[in-house]
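Visitor: Fold the following and give me the result.
(3 chains, ligands or ions: 2)
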Amino acid sequence: MRFDLSILWPHLPFLWKGAVLSAEVCLLAIIGSVVLGALVAIARTSSAKPLRWLALAYVDLFRNVPFLVQLFFFYYGLPELGIYIDAFTTGVIALSIAGGAFASDAIRSGILAIEPGIIEAAEVSGLSRRVIFTRIVLPIALRTAIRPLGAVLVNMILTSSILSAITLNELTGSGRIVASDTFRPFEVYAVLLVFYAALTYAVSIAVNLLHVRLNRGISQDVA
Amino acid sequence: MLKAENVRKVFGSTVVLDGVNLSVQPGEVVSILGSSGSGKSTLIRCINGLEKLDGGRITVDEFDVSKPRELAEARKRSGTVFQLFNLYPHMTALQNITLAPIQVLQQPKAEAERKARALLAQVGLGDRGDAYPAQLSGGQRQRVGICRALAMEPRYLLLDEVTSALDPEMTADVLGILADLARGGTTMVFVTHEIEFARQISNRIVFLDKGKLVVDLPTAAFFSAKGGMAVPRIAQFLSKMRKD
Amino acid sequence: MRYSSFTPYDIVLLLQGLGVSVGLFLATSLIGLLLGTVWAVIRYYRVPGLWQLMSFLAELLKNSPVLVQLFLVFFGFPAFFRVNMTPVEAATLTLSLNTAAFVYVIAVSAVESVGRDQIEAARVFGLSRWQVLRHVIGPQASAFAVGPLVALLVNQLQVTSLISVIGVVDLTKVGNILNLRTLKPFIVWTVVGLLYYAAAKLIAMLGTRLENRLRAHSAWKGL
Ligand SMILES: Nc1ncnc2c1ncn2[C@@H]1O[C@H](COP(=O)(O)OP(=O)(O)OP(=O)(O)O)[C@@H](O)[C@H]1O
Ligand SMILES: [Mg+2]
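Guide: Residues are numbered from 1 along each chain as shown, chains lettered A, B, ... in the order given. Ligands and ions are numbered 1, 2, ... in the order given. Predicted coordinates for the structure are as follows:
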């Protein structure tokens, strides 16, 4: 059989729609992950033992259970609680929770890497704990955590393909439809594979640039 | 008045401050001398509430730093300049200076920035307000650190070896600014190894030795043969410092 | 299908599913470890043309969704190459290659962790490239690689859950079956999740033990 990409041409708009949906899911979920990750990181550095324990249990659990199982848990489980949400929202929630477990690690190391003297300077100037956290600790931690958070995003883009299992027609889900319409699964999935690889490559480059930009002020070399 | 009464501080089994008494009147410049490890930094850190006391009492204008409710008020009245500057690395010089006035003193942003620019101009950094700490030299960073402390309009300025991370030229810059402040009537508690400078600007000098405050004398008396120099530890310390 | 509640036989079903998951995990991990190591050796000898191809393939596999890889092999290969492919065969092939790609990347950085000067010194003493690999690089690189490899294996166990999507009756598929039959998603997915969790913890524990033993071994040799 000949490897013929031209048969995909008419289906590109449809695949593009799927890619846009993937991008939307990932964008919302990375925001959710960072917010959740920051909250969990606070809990893990807090002085209250039950809170620390709870946060650690969350991270441990969601990192050691397959995402597909987590996804089914929410997709089939939430309606049983009377919560009816669509596949898109379920996907964003599940990805945020799974990603949050990884993001919290990145943010936590960012917090622990802050010079104690910087926080002491903030304390003696009379700033409240809340202001110290939101204006000093978190911004510095997020800047130093940009690279590991970028890795979380890359992982999330790859993981979002699994949302096709709950009938969400993101890029991979759209690919399945095109594959069965055209009877050319090899071409379709080969193109998807290369596309995902190229996309994650581009994302890691962008993350590196962002890291350099955001940490201009933080790096110690004198300009 | 800033007052330390019978202050005691232990780390594990070492007694770092042992019955220290010190009082500083508004307008005074008091230098704290002592060899390395004698507890100078610890005393400063007790005054601004970064270390908990194991005994005794420290009050800043009657506000007890050991009482959580009074600590905030005590901290408003003192400002600290650090040896390693400890600037907020993600904020510009101007933002470093205005953060606390806006958040703690509730100054309007425009007013805080106007005051911050005036302070920066005063220390010769009028045009560097938008620079990040990493874009400034060590001496410039420390000058921003001084502005940050001054922006809170503290009654007492605490300085812990603020020039020891700087090279001689930058040290001279920063000391010049401190001398101006002293002449302008800013109250200072000044930990330093710059003996000559301490002699020029201080009203009083106290000497810490192994956690004990052994001498508390007016500057002239401290350096006189019958005063501080009569104490063997001090004579030894001063001659060693002068040699270095 | 009419729904009905749990039966004692469901436990057998779950254990069978777990057996399939663990069995495929072990088989593909073993193949992946061997294959990835062979790739790394090919790179070490700089076999012209081949090693660049290996690197490219590894990057592609590492940076694309496993689900798309599975679809490419299970749907694409039979259509394009006119071969027959059972779900288990497709799963074995895909997961082995995927694991190999990650093993390759870990092995390459482990070899690079051994200093150039050490390798050159050994060559000066007249050791052949193979002897250098066996006696100088091998022991140090494997001590370096155990940690990342254990993390990889814990992750690959979770990745096996994706083969349920192409119809392999693994633990996740059993979960699907029970979910549909009993309509008790919370119980089903919690049990399935905990089984995966326990398996992941077991792998991590064995891995840490192995790591400690290897560390102790190389430390003792160093004296
Ligand atoms: N957090 C701490 N934990 C344990 N010991 C400490 C701690 N901070 C200070 N010390 C000890 O307390 C003693 C006094 O330290 P301090 O930093 O106050 O000395 P110093 O007079 O400022 O010395 P230097 O001139 O070197 O700055 C030292 O023996 C030091 O090792
Ligand atoms: Mg000190």
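Visitor: List the buried residues of the longest helix seen in chain C.
Guide: Counting residues, the longest helix in chain C under DSSP state H turns out to be helix C:185-222. Within helix C:185-222, the residues scored as buried using 16 or more other Cβ atoms under 10 Å in any protein chain shown are C:185, C:188-193, C:195-197, C:199-200, C:203-204, C:207, C:211, C:214. Every C-beta, even on glycine, is put in place using the N, C-alpha and C of the backbone.
Visitor: same check, this time on stretch B:205-224
Guide: Neighbour-count burial for stretch B:205-224 [16+ other Cβ under 10 Å]: B:205-213, B:215-217, B:219, B:222-223.
Visitor: Need the residues that contact that stretch.
Guide: Surrounding stretch B:205-224, the residues in contact under the criterion Cβ atoms under 8 Å, 6 or more residues apart in numbering or on different chains are B:9, B:15-22, B:30-35, B:38-40, B:43, B:198-199, B:202-204, B:227-229, B:231, B:233-234, B:237-238.
Visitor: Narrow those residues to those in strands?
Guide: Counting by DSSP state E, the part of those found in strands is B:9, B:15-22, B:30-34, B:204.
Visitor: lowest confidence element among the helices and strands of chain C?
Guide: Within chain C, no helix or strand scores below helix C:116-124, which has a mean of 77 by mean pLDDT, DSSP states H and E.
Visitor: buried stuff in that helix?
Guide: With burial defined by 16+ other Cβ under 10 Å, the residues of helix C:116-124 counted as buried are C:119, C:122.
Visitor: roughly how far is that helix from the heart of the chain?
Guide: 32 Å (Cα atoms, centre = their mean, to the nearest Å).
Visitor: other SSEs contacting it?
Guide: For helix C:116-124, there is no helix or strand it packs on, judged by 3 or more Cβ pairs under 8 Å, 6 or more residues apart in numbering or on different chains; DSSP states H and E.
Visitor: any residues touching that helix, and which ones?
Guide: C:129, C:131, C:132, C:135, C:136, C:137.
Visitor: count of neighbours near residue C:29?
Guide: 22 (other Cβ atoms under 10 Å in any protein chain shown).
Visitor: residue contacts, it?
Guide: Contact partners of residue C:29, counting by Cβ under 8 Å, 6+ apart, are C:99, C:153, C:156.
Visitor: which element is the first one on?
Guide: When elements are defined using DSSP states H and E, residue C:99 is found to belong to helix C:87-113.
Visitor: With the second one instead?
Guide: Counting by DSSP H and E, the element that carries residue C:153 is helix C:138-159.
Visitor: Please see if the next helix-or-strand element following that helix touches chain A.
Guide: Downstream of helix C:138-159, the next assigned helix or strand under DSSP H and E is helix C:171-182. Yes. Counting by Cβ under 8 Å from any Cβ of the partner chain, chain A is contacted by helix C:171-182 at C:172, C:175, C:176, C:179.
Visitor: Show the pLDDT at the residue nearest to the third one when sequence neighbours are not counted.
Guide: To tie it back to what came earlier, the one meant is residue C:176. Spatial nearest neighbour of residue C:176, excluding adjacent residues (Cβ to Cβ, 6 or more residues apart in numbering or on different chains): residue C:164 at 6.6 Å. Note for residue C:164: predicted pLDDT of 95.
Visitor: same check, this time on residue B:165
Guide: 84.
Visitor: The helix holding residue C:99 versus helix C:138-159: what angle between them?
Guide: If you take axes from the mean of the first three to the mean of the last three Cα atoms, to 10 degrees, helix C:87-113 sits at 150 degrees to helix C:138-159.
Visitor: Report whether helix C:87-113 contacts chain A.
Guide: No. Helix C:87-113 is not in contact with chain A by Cβ under 8 Å from any Cβ; minimum separation 11.2 Å.
Visitor: If you average the pLDDT over that helix, what comes out?
Guide: 93.
Visitor: Which among the contacts of helix C:116-124 count as buried?
Guide: C:132, C:136, C:137.
Visitor: got CSV for these, with pLDDT too?
Guide: Converted to CSV, the buried ones among the contacts of helix C:116-124 look like this (pLDDT from 0 to 100):
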residue, pLDDT
C:132, 79
C:136, 79
C:137, 81
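Visitor: Closest one of these to residue A:49?
Guide: For these, the closest approach to residue A:49 (Cβ to Cβ) belongs to residue C:137, at 45.6 Å.
Visitor: what's the closest one in contact with, if anything?
Guide: By Cβ under 8 Å, 6+ apart, the residues touching residue C:137 are C:44, C:111, C:114, C:119.
Visitor: tell me the contacts of the third one?
Guide: What it means is residue C:114. C:136, C:137, C:140, C:141, C:144.
Visitor: Out of these, flag the one nearest to ligand 1.
Guide: Comparing the contacts of residue C:114 against ligand 1 with Cβ to the nearest ligand atom places residue C:144 closest, at 35.1 Å.
Visitor: can you pull the pLDDT of that closest one?
Guide: On the pLDDT scale, residue C:144 gets 84.
Visitor: for chain A, what are the nearby residues on chain B?
Guide: Residues of chain B found near chain A (Cβ under 8 Å from any Cβ) are B:48-50, B:72, B:75-76, B:78-80, B:82, B:84, B:86-92, B:99-100, B:103-104, B:132-137, B:148-149, B:152.
Visitor: Filter those down to just the buried residues.
Guide: In these, burial by neighbour count holds for B:48-50, B:75-76, B:78-80, B:82, B:84, B:86-92, B:99-100, B:103-104, B:132-137, B:148-149, B:152, counting by 16+ other Cβ under 10 Å.
Visitor: center of chain B - which residue?
Guide: For chain B, residue B:159 is the residue whose C-alpha lies nearest the centre (Cα atoms, centre = their mean; 1.6 Å).
Visitor: Next secondary structure element downstream of the helix or strand containing that one?
Guide: For residue B:159, the element it lies in under DSSP H and E is strand B:156-160. Per DSSP H and E, the first helix or strand lying C-terminal to strand B:156-160 is helix B:168-183.
Visitor: what about the longest helix in chain A?
Guide: helix A:12-45.
Visitor: buried set for it?
Guide: For helix A:12-45, by 16+ other Cβ under 10 Å, it's A:14-15, A:18-19, A:21-22, A:25-26, A:28-30, A:32-34, A:36-38, A:40-45.
Visitor: what bits of the chain have low per-residue confidence?
Guide: Just so you know, I chose chain A. Filtered on pLDDT under 70, chain A yields the residue ranges A:1, A:217-223.
Visitor: Hmm, no, I was thinking of chain C.
Guide: Ranges of chain C meeting pLDDT under 70: C:1-3, C:217-223.
Visitor: at 90 what do you get?
Guide: Low-confidence segments of chain C (pLDDT under 90): C:1-12, C:41-52, C:54, C:79, C:109-147, C:181-184, C:207-223.
Visitor: Spell out the residue ranges of the helices in chain B.
Guide: Along chain B, the segments classed as helices by DSSP H run B:40-47, B:68-77, B:93-103, B:109-122, B:138-150, B:168-183, B:195-201, B:219-223, B:232-243.
Visitor: and the first one with ligand 1, contact?
Guide: Yes. Helix B:40-47 reaches ligand 1 (Cβ under 6 Å from any ligand atom) through B:40, B:41, B:42.
Visitor: near ligand 1, which residues of chain B?
Guide: Going by Cβ under 6 Å from any ligand atom, the residues of chain B near ligand 1 are B:11, B:14, B:16, B:34, B:36, B:37, B:38, B:39, B:40, B:41, B:42.
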